[in-house]
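# here is the input, now give the coordinates:
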Amino acid sequence: MTSIGNLLVWTIYGLVCAFGIWGIVQYPGDRLIFCFFSLVILAIAYLAVQNSTQYAHFFLGIAWFLGFWVKYLFHQATGAPYHELHGSFDGSNASWDVVLLVVGIGGAGYLVGRLVASPIVNPLTARLLKREIVIPLWWASHRNMIWLISGLLTVSIVVANQGFGILVRGYVAHIVLPWPLGGLFAWMTDIGLALLLSLLLAWDRQSGCGVFRGFFALCIEGALISVSTLSRGVYFFHTLPPLLTEGPRTCRRGGLGPLVILFGIWLVVGIAVPSTITFLRLFGQNVVPTTQAELTASQSANINRPYSDLFGGLWDQFTTVTQLVLIDRWTGLEGVMATVAYPNKGNALLLEAAIQRRSYGTVDVYTKKISGSTFTEENAKKYHFATLAGPIAFLYFSGSLIVVFLGMALISVLISAIEVLWLWLVRDRLLVAMSGLYLALIVLQLSGGLIQSAAGVFAVTGALGGIWLIGSLQQRYWSMSKIA
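Predicted structure coming up:
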């Protein structure tokens, strides 16, 4: 590690220690509970960074560090209101003690799951990372054509979505595709196209063609899908994995210059995309209501914001979105706050949320019963809205700390097992990192509907299984050729 890297690491350690001590001094409740909560979350973040090649755990650890520890300290220090709904939580010292205890118990279960799995997962991961993805024999001769077809496929999906309104975040689809095409279309925009382009990037890299074409393609694809679906996050979710896996390789092979170029391109587009989507959400064709009054009024007429609100509206949204992206949008704390305050917890509530399948005109259990939202079934016929609980809050629907601890331990083990399977199938860091981020987002946003959540994981496994089949058939062909 360079001297700059060492300085950065020690600066982060120093800030964490300083804010941790400040948090202990300022915490108005039981300081032992706050210390327990802090140690658990910091241990999760530390393990995430130390074992950064276990990508789902890496992304989850960072998200939980921001969504629990940093978020609590930020709001404690600034007094800023929480943007996410948190039910009837009263903010008393006793209530905060329960919230941090539940989070600490859930985090401890997650850590136990990691520790139980690590004797098997760690050596397996290290061994599998030494393997390399198999490049098809026909790749060199058909490379440009396949890149062109993939580009046309991306453009076709974006054009179809713009024309038919199949998937616009916050809105019910204008045209509902028959099963399973609707789910497949959503999966393609969430992860499918990014996986395809990541595969082509991996084949390019392994064949000596470099990573720039693939990285640019992922940036363009992420930007187009983000704008088309009005999602501020898709661009980052599709470009962070290649930045994480290909950036260090590029730096080792070509010096710091290429890495600076990659990061510069990523950052410029990363600033432009959320700004564009914020404008479209406020003044575009699919205006999204931002207040309860707008939501009520929009049921009978479309929202038309005057352009005289353009500067003020954009500036307010910019400051709000900045706080949301950096702090508040990381799911977890508010879900536990709302669930702690909800009086009717029990196994029946947990089962109801787990088996519910969201569809047209339905509101999920957490949004309807626990979060304090006024979103109704009538609203759900026009808009999609769901404030998210997160896995710890979801498990605490049961009202049992034992369920929270054991459930989080099981989730941790399953994450490790799934990622090892994916790494065995594809033999490539980038593809596993892209899939691992997708898995982390599924876990991070868990509020119920377990079957629908699992469907995305099975689809990724099937896609990676197809990549394994291509490599396996080619290796068999090589073996037969040598025998002949």
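# quick one: residues contacting the residue nearest to Leu124 when sequence neighbours are not counted.
Nearest residue to Leu124, sequence neighbours excluded (CB to CB, 6 or more residues apart in numbering): Val420, at 5.4 Å. Every C-beta, even on glycine, is put in place using the N, C-alpha and C of the backbone. When contacts are counted by CB atoms under 8 Å, 6 or more residues apart in numbering, Val420 touches Val121, Leu124, Thr125, Leu128.
# how about 10 Å then?
Gln54, Ala117, Ile120, Val121, Leu124, Thr125, Leu128, Val432 (CB atoms under 10 Å, 6 or more residues apart in numbering).
# name the element it belongs to?
helix 401-426 (DSSP states H and E).
# can you give me the distance of the residue nearest to Leu124 to Leu42?
The gap separating Val420 from Leu42 is 26 Å, by CB to CB, to the nearest Å.
# kindly report the same for Phe405.
For Phe405 relative to Leu42 (CB to CB), the value is 19 Å.
# between the two, which is the more surrounded one?
Phe405 (22 against 16; other CB atoms under 10 Å).
# which residue sits closest to the more buried one in space, ignoring its chain neighbours?
Going by CB to CB, 6+ apart, Phe405 has Gly109 as its nearest residue, at 3.8 Å.
# measure the one you found to Tyr72 for me?
19 Å.
# okay, those two: which has more neighbours?
Counted by other CB under 10 Å, Gly109 and Tyr72 do not tie: Gly109 has more neighbours, with 25 against 21.
# what is the least confident helix or strand in this protein?
Least confident element among the helices and strands of the chain, by mean pLDDT, DSSP states H and E: helix 292-298 (a mean of 52).
# go through the lengthiest helix in the chain and flag the buried ones.
Ranked by residue count and defined by DSSP state H, the top helix of the chain is helix 93-128. The neighbour-count check on helix 93-128 (16 or more other CB atoms under 10 Å) flags 96-114, 117, 121, 125, 128 as buried.
# helices and strands around it, which ones?
Counting contacts by 3 or more CB pairs under 10 Å, 6 or more residues apart in numbering; DSSP states H and E, helix 93-128 packs against helix 31-50, helix 55-64, helix 71-78, helix 333-341, helix 391-396, helix 401-426, helix 429-444.
# mean pLDDT lowest where, among those helices?
Ranked by mean pLDDT, the helices and strands packed on helix 93-128 bottom out at helix 71-78, which scores a mean of 91.
# now for that one, which elements pack on it?
helix 3-26, helix 31-50, helix 93-128, helix 333-341.
# helices and strands around the last one, which ones?
With contacts defined as 3+ CB pairs under 10 Å, 6+ apart, the packing partners of helix 333-341 are helix 71-78, helix 93-128, helix 391-396.
# format the ones you listed as TSV; extra columns: distance to Gly210.
Output for the helices and strands packed on helix 333-341, formatted as TSV (distance: least, CB to CB, whole Å):
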stretch	distance to Gly210
helix 71-78	39
helix 93-128	24
helix 391-396	39
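# do you know which of the ones you listed lies nearest Leu230?
helix 71-78 (24.5 Å; CB to CB).
# gap between the closest one and the chain center?
Using CA atoms, centre = their mean, to the nearest Å, the mean C-alpha position of helix 71-78 is found 22 Å from that of the whole chain.
# restricting to C-alpha, output it in CSV.
The C-alpha trace of helix 71-78 is given here as CSV (Å, rounded to 0.1, in the frame of the first residue of the first chain):
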residue,chain,number,x,y,z
LYS,A,71,-26.8,7.4,9.8
TYR,A,72,-27.5,7.3,13.6
LEU,A,73,-24.5,9.5,14.4
PHE,A,74,-25.3,11.9,11.5
HIS,A,75,-28.8,12.5,12.7
GLN,A,76,-27.7,12.7,16.3
ALA,A,77,-25.1,15.3,15.5
THR,A,78,-27.2,17.4,13.1
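# before we move on, the earlier item: list the contacts of the residue nearest to Phe405.
40, 392, 395, 401-412.
# buried only: go through those for me.
The buried subset of the contacts of Gly109 (16+ other CB under 10 Å) comprises Val40, Ile392, Leu395, Leu401, Val403, Val404, Phe405, Gly407, Met408, Ala409, Ile411, Ser412.
# how much space separates the third one from Leu224?
Taken as CB to CB, the spacing of Leu395 relative to Leu224 amounts to 37 Å.
# pLDDT weak spots in the stretch 1-150 of the chain?
Counting by pLDDT under 70, the stretch 1-150 of the chain has low-confidence residues at 1-6.
# make it 80
1-10, 13 (pLDDT under 80).
# buried stuff in stretch 410-430?
For stretch 410-430, by 16+ other CB under 10 Å, it's 411-416, 418-420, 422-430.
# centre of the chain to that stretch, how far?
16 Å.
# got it, and stretch 115-126?
24 Å.
# could you export it as CSV, CA atoms only?
Extracted in CSV, the C-alpha atoms of stretch 115-126 (Å, rounded to 0.1, in the frame of the first residue of the first chain):
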residue,chain,number,x,y,z
LEU,A,115,-17.4,-17.0,11.3
VAL,A,116,-19.2,-20.4,11.1
ALA,A,117,-18.8,-20.4,7.3
SER,A,118,-15.3,-18.9,7.1
PRO,A,119,-13.3,-22.2,7.6
ILE,A,120,-14.9,-23.5,4.4
VAL,A,121,-15.6,-20.3,2.4
ASN,A,122,-12.2,-18.5,2.8
PRO,A,123,-10.0,-21.3,1.4
LEU,A,124,-12.5,-22.2,-1.3
THR,A,125,-12.7,-18.5,-2.4
ALA,A,126,-8.9,-18.2,-2.5
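# where do the helices sit along the stretch 151-300 of the chain?
Counting by DSSP state H, counting those that start in this stretch, the segments of the stretch 151-300 of the chain that form helices are 181-187, 193-206, 212-229, 234-254, 256-283, 292-298.
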